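Visitor: sequence first, predicted model second:
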Amino acid sequence: MKKLFKQDFENYSGRTLRVFALTLNFVVLFIMVAALSAFGICMVNVWGNQ
């Protein structure tokens, strides 16, 4: 019984880690896209003001 529980717990923690990693990847991707968008808008404003 304990062995089964341990295996199940390891499976669960592994799945949680995978989901966490995927979420982290999406967050990093979103932040990068947002930063690039902000940078692009700033560049357009600078070019437009010249």
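Guide: The structure has been received and is ready for your questions. For clarity, every value in this text was computed on a predicted model and none was experimentally measured.
Visitor: packing partners for the strand or helix carrying Phe9?
Guide: Phe9 belongs to helix 2-49 when assigned by DSSP states H and E. Helices and strands touching helix 2-49, as assessed by 3 or more Cβ pairs under 8 Å, 6 or more residues apart in numbering; DSSP states H and E, are absent. (Each C-beta comes from the backbone N, C-alpha and C, glycine too.)
Visitor: pLDDT of stretch 18-26, averaged?
Guide: Across stretch 18-26, pLDDT averages out at 93.
Visitor: buried set for it?
Guide: By neighbour count, and taking 16 or more other Cβ atoms under 10 Å as the criterion, stretch 18-26 has no buried residues at all.
Visitor: what about it, distance to the chain center?
Guide: Averaged C-alpha coordinates place stretch 18-26 at 5 Å from its chain's average position (Cα atoms, centre = their mean, to the nearest Å).
Visitor: equivalent analysis for stretch 41-50, please.
Guide: In terms of Cα atoms, centre = their mean, the centre of stretch 41-50 is found 30 Å from the chain centre.
Visitor: name the residues of it that are buried.
Guide: Using 16+ other Cβ under 10 Å as the test for burial, stretch 41-50 gives no buried residues.
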